[in-house]
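Build the 3D model from these lines:
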Amino acid sequence: MAEGKIRLTMAQALLRYLDCQYVSADGRETKFVKGVMGIFGHGNVTGIGEALERSAGELTFVQGKNEQGMVHAATAFAKQSNRMQIFACTSSIGPGALNMVTAAATATVNRLPVLLLPGDNFASRQPDPVLQQLEVAGDYTISANDPFKAVSKYWDRIERPEQLIAAASRAMRVLTDPAETGAVTLCLPQDVQAEAYDYPLSFFERQVHYVDRRPPSPDAIQRAAELVRTKNRPLLISGGGVLYASAAEQLAAFAEAFGIPVAETQAGKGALPWKHPLNVGAVGVTGTLAANLLAKEADLIIGVGTRYSDFTTSSKSAFAHPEVRFLNLNINGFDAAKLGAEAIPCDAREGLSALTEALLASGYRSGYGTTEIAGHKKRWNGEVDRMYALEHEAGLAQTRALGIINETIDPSAVIVCAAGSLPGDLHRLWRASQPRTYHMEYGFSCMGYEVSGAFGAALAAPDRDVFAIVGDGSYLMLHSELVTSLQEGRKITVLLFNNNGFQCIHQLQKGHGSDGFGNEFRYRSSATGRLTGGYMPIDFAAHARSLGAKAYKATTAAELKEALGQAKRESISTLIEIPVVPGTGTTGYESWWQVGVPEVSASGSVLKAYREMEARTRDIRLI
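Numbering: from 1, shown residues only. Below you'll find the model as predicted:
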């Protein structure tokens, strides 16, 4: 008997397929695709747009305001949902599609699933070149969607409607695989979106993708245990994989069983509460003094679920012990093998549990003194208290403002941040008490993620307060989804730190010999011809009000406390503008970051910075 079929356009079939995809992890089943975020143009409005209008099934449509912003929101939704649920994103061709490329890279670098459905040129080529079509004379198969290849974990172009059957299956495999996930791009030629095909009904049957935990091999655990037993001063670095694997309990048990201190990456922060006696805080360029001092003396680094960015490793200078070794537990084999490590490809929870059992059987215990870790932690807590209380004669210090926020908002609230000086201060100083309350995009450090990400996090966690902590530079780059949060009735609170420019990079400049150039929001001076005039008086609170949000301005500690209380009582998205004194963030604490400093310059201070950089890099690990 012939299999039943149904005649649908390719776009209708795609939505119907997405609507019946589920994931199952630890016995809990979740509908995988929550909906579609989109901005319509001629390249998708009459194809997938019509399908969303007439036959979306249970998929929710969310109207984006900027293509990059909506993909950031979808990425943040997936992160806050622990990668168990996603939004797809659709755009028109040309500029609409290209606007998604940056956000696609952000998702891929952070190992977060997002499905991108950009419109594409006509497959038939009959009306070429259509509006917004990119033409490459030497290779006519190239379109504006080819740049997605570099930032996607899977890329395909569906040039015939029946190709959807194979492409959709391959896309789902990548999206639901914790070891391979990232952005997936299915390019949809605008004519093919509207072409019909007799699709088999089996293509639309309910499909469950099982996210099985991957245990380490017994031999791998034996090798790992043998390595640990030869080391006296191990340091565990907790990465995002700990949180994605819901392994906070196993992390604590491992650390407590063997007296091993735990340092945190940006993605791993919050896996242990800040008060835990073995949590020594952030490590690396934006690390705490406690973690960085322990890292310098550690003879074993146990990386769990971390990709070892240069900020985590202080450009590979953080680990100075002459006999330091690396042991990596990671679901991704590429990350597990970094730094010449003993690589244990596995789920973080399963790996920690197995290694705990193996080490308990041997009676292992680290060699730290009874008060050593506690002493480091006590000194650092005192430093955080000092920075949180810091007063500045010129106005509100950035660390003081963060302290007020940290001490005022609910411990279950979610903070979202991504770029500038704020991630460094938050990584060092923020006291996270619960998992999934510290939502940092620092894999790509993409300016403009913050407001969009807060909206996405609010979609995923409607029962929590969600705060975007953002600098004025990032806010100006991308704040469009603040309007979408109002449209959708998903309240976010934007805490806008106004320091008159890109002060993080301004400080980096000045720290390497520059006098400061092109990073502050100043008027052009008639005397110098450069941007060295007065600061531009931008009223961010008024701008937010013009979009329909509530808004306040807080210039003192007392005003900030009051504004936070007022924002809490508001029922819609709210912005608090917080002018802070430039350069009042954190720095130092035994950290270092390698950047390119000119070998040739007319500035003596730049040449001095170059010599200092060269001296620091001579003995850095090359692995």
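
Quick one: the strands in the stretch 251-400 of the chain, in order.
For the stretch 251-400 of the chain, strands defined by DSSP state E, counting those that start in this stretch occupy the ranges 262-264, 279-282, 300-304, 325-330, 342-345.

show me the contacts for the residue nearest the centre of the chain.
The centre of the chain sits closest to Glu441, judged by Cα atoms, centre = their mean, with a distance of 2.4 Å. Contacts for Glu441 (Cβ atoms under 8 Å, 6 or more residues apart in numbering) come out as 72, 75-76, 79, 106, 110, 416-419, 449, 453. Every residue, glycine included, has its C-beta placed from N, CA and C.

mind putting the strands of the stretch 251-400 of the chain in CSV, distance to Gly604 included?
CSV is the format used below for the strands of the stretch 251-400 of the chain (distance: least, Cβ to Cβ, whole Å):
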stretch, distance to Gly604
strand 262-264, 38
strand 279-282, 34
strand 300-304, 39
strand 325-330, 40
strand 342-345, 46
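
Put the alpha carbons of the helix ranked longest in the chain into CSV.
Longest helix of the chain, by residue count under DSSP state H: helix 372-388. C-alpha atoms of helix 372-388 as CSV (Å, rounded to 0.1, in the frame of the first residue of the first chain):
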residue,chain,number,x,y,z
GLU,A,372,44.7,28.1,52.7
ILE,A,373,41.7,28.2,50.5
ALA,A,374,39.6,29.9,53.2
GLY,A,375,42.2,32.5,53.6
HIS,A,376,42.3,33.4,49.9
LYS,A,377,38.5,33.5,49.9
LYS,A,378,38.2,35.7,53.0
ARG,A,379,40.7,38.2,51.5
TRP,A,380,38.8,38.3,48.2
ASN,A,381,35.4,38.8,49.9
GLY,A,382,36.9,41.7,51.7
GLU,A,383,38.0,43.2,48.4
VAL,A,384,34.5,42.8,46.9
ASP,A,385,33.0,44.5,49.9
ARG,A,386,35.5,47.4,49.4
MET,A,387,34.8,47.7,45.7
TYR,A,388,31.0,47.6,46.4
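
Please name the residues that touch the closest residue to Ala374 other than its chain neighbours.
Spatial nearest neighbour of Ala374, excluding adjacent residues (Cβ to Cβ, 6 or more residues apart in numbering): Pro277 at 6.4 Å. Going by Cβ under 8 Å, 6+ apart, Pro277 touches 373-374, 377.

can you rerun that using 10 Å?
Applying Cβ atoms under 10 Å, 6 or more residues apart in numbering, we find Pro277 in contact with 255-256, 259, 261, 373-374, 377.

Of those, which pair is most distant in space?
Glu256 and Lys377 (14.4 Å; Cβ to Cβ).

which of these two has more neighbours?
Neighbour totals were compared for Glu256 and Lys377, and Lys377 leads with 22 against 14 (other Cβ atoms under 10 Å).

What distance do you get for that one to Pro147?
46 Å (Cβ to Cβ, to the nearest Å).

ok, now Ser202?
35 Å.

Those two: which is more packed in?
When Ser202 and Pro147 are compared on other Cβ under 10 Å, the one with more neighbours turns out to be Pro147, at 18 against 11.

How about the contacts made by the more buried one?
Residues touching Pro147, when contacts are defined by Cβ under 10 Å, 6+ apart, comprise 97-98, 100-101, 104-105, 134, 185.

repeat that for 8 Å
Here Pro147 is in contact with 98, 101 (Cβ under 8 Å, 6+ apart).

Quick check: phi and psi at it.
Phi and psi for Pro147, reported as degrees, to the nearest 10, are phi -60, psi -20.

Ok, Cys187 next?
phi -80, psi 130.

Just confirm it contacts Arg157, I think it does.
Yes. With contact defined as Cβ atoms under 8 Å, Cys187 and Arg157 form a contacting pair (4.1 Å).

okay, stretch 476-489 in CSV with CA atoms only?
Below are the C-alpha coordinates for stretch 476-489, written out as CSV (Å, rounded to 0.1, in the frame of the first residue of the first chain):
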residue,chain,number,x,y,z
LEU,A,476,23.4,52.5,21.0
MET,A,477,24.5,49.6,18.8
LEU,A,478,21.4,47.5,19.3
HIS,A,479,18.3,48.1,21.5
SER,A,480,15.5,47.3,19.0
GLU,A,481,14.1,44.3,20.9
LEU,A,482,13.2,46.6,23.8
VAL,A,483,10.2,47.4,21.6
THR,A,484,9.5,43.7,21.1
SER,A,485,9.5,43.2,24.8
LEU,A,486,6.8,45.8,25.1
GLN,A,487,4.9,44.3,22.2
GLU,A,488,5.0,40.8,23.8
GLY,A,489,4.3,42.0,27.3
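
pLDDT on that stretch, on average?
Per-residue pLDDT values over stretch 476-489 give a mean of 98.

For Ala103, which residues are in contact?
Contacts of Ala103 (Cβ under 8 Å, 6+ apart): 67-69, 71-72, 75, 114, 446.

Likewise for Gln190?
Here Gln190 is in contact with 42-44, 46-47, 93, 119-122, 130 (Cβ under 8 Å, 6+ apart).

Which pLDDT value goes with Ala73?
Turning to Ala73, the model gives it a pLDDT of 98.

right, and it touches Tyr449 too?
No. With contact defined as Cβ under 8 Å, Ala73 does not count as touching Tyr449 (9.2 Å).

Okay, strands next: where are they in the stretch 1-150 of the chain?
5-9, 21-25, 28-31, 33-38, 60-63, 86-91, 114-120.

Give the burial count for His321, as a bare number.
Neighbours of His321 (other Cβ under 10 Å): 16.

Tell me, how many residues neighbour the closest residue to it other than its chain neighbours?
Counting by Cβ to Cβ, 6+ apart, His321 lies nearest to Asp299, which is 4.9 Å off, once chain neighbours are set aside. By the criterion of other Cβ under 10 Å, Asp299 has 17 neighbours.

Roughly how far does Asp299 sit from Leu227?
Relative to Leu227, and taking Cβ to Cβ, Asp299 is found at 11 Å.

and if you look at Gly281?
From Gly281 to Leu227 the distance is 25 Å (Cβ to Cβ).

Show me which of the two is the more surrounded one.
Using other Cβ under 10 Å as the criterion, Gly281 and Leu227 rank with Gly281 on top: 28 against 17.

right, and that one touches Asn292 too?
No. Here Gly281 does not reach Asn292: they are 9.3 Å apart, not a contact under Cβ under 8 Å.

give the contact list for Ala144.
93-95, 97-98, 132-134.

still on that earlier bit, buried ones among the contacts of Gln190?
42-44, 47, 93, 119-122, 130 (16 or more other Cβ atoms under 10 Å).

Quick one: those as TSV, columns for distance to Glu559 too.
Shown next, in TSV, are the buried ones among the contacts of Gln190 (distance: Cβ to Cβ, whole Å):
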residue	distance to Glu559
His42	49
Gly43	48
Asn44	46
Gly47	51
Ile93	48
Gly119	47
Asp120	51
Asn121	54
Phe122	57
Val130	54
